[in-house]
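Asks: Sharing a model that was predicted from the sequence below.
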2 protein chains.
Amino acid sequence: MSLDNAAMTLFGDSISGNCLKVKYVADHLGLPYEWVETSVLNGETQAPEFLAMNPAGQVPVVRFADNRVLAQSNAIMLHLARGTSLIPSDPWDRAQMFQWLFWEQYSHEPAIAVLRFQKFYLKKADSEIDPALPARCGKVLALMNDHLAGRSFFVGGSLSLADIALAAYTRFAHQAGLDLTDYPHIRAWIGRVERGLNLDPVT
Amino acid sequence: MSLDNAAMTLFGDSISGNCLKVKYVADHLGLPYEWVETSVLNGETQAPEFLAMNPAGQVPVVRFADNRVLAQSNAIMLHLARGTSLIPSDPWDRAQMFQWLFWEQYSHEPAIAVLRFQKFYLKKADSEIDPALPARCGKVLALMNDHLAGRSFFVGGSLSLADIALAAYTRFAHQAGLDLTDYPHIRAWIGRVERGLNLDPVT
């Protein structure tokens, strides 16, 4: 069974930071892929042929040439980036990278990404949004800003998967109605991550 | 900086599957530790001295003898178990283990653990519980049961961190009011995980 990534298909929704993470890593590492746009809002992740590939009904999914399939944005990033500098070689740095990757999926994404989705894509009025959600986003941003004080990147001194995972939605925070003015360390870090990944600023 | 785990302190709440995961791994690997009971319900994870250690205000946390601190249950497991058979050496098996670890934190824990907490610890009546929550638990259990059909463990043919992460709350599913009668593959797998970890059955 080959682990060659030469011919892989990324099923992703371009409005999803989780999907963009995988695209950022593939582009950064120069891994060739075909992108298949798969809309969550249009129900395409719940179609029978998609569920046959990923029973969890979630994007992103990567399918390799030999039909092996892998889901979960952070797991796909870890697989594509194995052996590269995006995964720290030092065991303690790597442990901290994992800490941030799990925090991102458990605490960051369910706050920032969910608020952005409700406001920017579902066009919900503030009165329709659980008031606990913006409060959780504020805590998430404060924690990130405090951690980044005096640091260039989340772990060690260079770009890692922790930064890519956390920047994927944070760089769209304004679409969640979140103002980053009071979080200068986050703003500077987003710039560093965007330059590291060769991304145009979104703001 | 030593990576010796000989003297570590685990801050955990014994009613939390996330915390028990770390205990299971440490016990299985014979790693000595001091357990410091830290109650979420009593607000101990929001106390200033705890937040100074983990600004996310979550257990589990491990503190090593040199005061380095690591949070996030799955990140701690990965760090403690590095180089052992609990982390598959095959890259594709390892990728699938990561897939399940992230799915556990994103989709499984926010369903099963949250429903258990509301019913068993907060003693909420069914009428006070979001009806979408038990429905999500049903989907989670069906997905696990389907995956386990014809398999002994989640990844490869042996016990890995994926099993420990997923079993930590699934073995307490009855405390969430979830009946595992219709999920025979899950019940058999829980038995295998409990025997592998030398745990007494909880039911």
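Replies: Alright, I've got the coordinates.
Asks: tell me the contacts of residue A:39?
Replies: Residue A:39 makes contacts with A:13, A:45, as judged by C-beta atoms under 8 Å, 6 or more residues apart in numbering or on different chains. Any C-beta I mention is one placed from the backbone N, CA and C, and that applies to glycine too.
Asks: quick one, phi/psi of it?
Replies: Main-chain dihedrals, residue A:39, degrees, to the nearest 10: phi -80, psi 120.
Asks: Relative to chain B, how far out is it?
Replies: Distance of residue A:39 to chain B, given as C-beta to the nearest C-beta, to the nearest Å: 20 Å.
Asks: do residue A:55 as well
Replies: Distance from residue A:55 to chain B, by C-beta to the nearest C-beta: 5 Å.
Asks: Let's see the pLDDT reported for that residue.
Replies: Looking at residue A:55, its pLDDT stands at 97.
Asks: Near the residue lying closest to it once chain neighbours are set aside, how many other residues are there?
Replies: Take residue A:55 and drop its neighbours on the chain: the residue closest to it by C-beta to C-beta, 6 or more residues apart in numbering or on different chains is residue B:143, 5.2 Å away. Around residue B:143 there are 16 other residues, counting by other C-beta atoms under 10 Å in any protein chain shown.
Asks: what's in contact with the longest helix along chain A?
Replies: The single longest helix within chain A, with elements called by DSSP state H, is helix A:132-148. With contact meaning C-beta under 8 Å, 6+ apart, helix A:132-148 is reached by A:107-108, A:110-112, A:114-115, A:118, A:154, A:166, A:170, A:173, A:176-178, A:180, A:182-186, A:188-189, B:55-56.
Asks: buried residues in stretch A:149-163?
Replies: Residues of stretch A:149-163 classed as buried by neighbour count (16 or more other C-beta atoms under 10 Å in any protein chain shown): A:152, A:153, A:154, A:155, A:156, A:159, A:160, A:161, A:162, A:163.
Asks: which among those residues gets closest to residue B:8?
Replies: Distance to residue B:8 across these (C-beta to C-beta) is lowest for residue A:155, with 20.5 Å.
Asks: Mind telling me what element the nearest residue to residue A:199 once chain neighbours are set aside is part of?
Replies: The shortest distance from residue A:199 to any non-neighbouring residue, by C-beta to C-beta, 6+ apart, is to residue A:24 (7.2 Å). Residue A:24 belongs to helix A:17-29 when assigned by DSSP states H and E.
Asks: Buried ones only from the contacts of helix A:132-148, please, as a ChimeraX command.
Replies: Selection of buried members from those for ChimeraX, criterion 16+ other C-beta under 10 Å:
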select /A:107,108,110,111,112,114,115,118,154,166,170,173,176,178,180,183,185,186,189 /B:56
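Asks: Okay, and which of the contacts of helix A:132-148 map to helices?
Replies: Among the contacts of helix A:132-148, DSSP H puts A:114, A:115, A:166, A:170, A:184, A:185, A:186, A:188, A:189 in helices.
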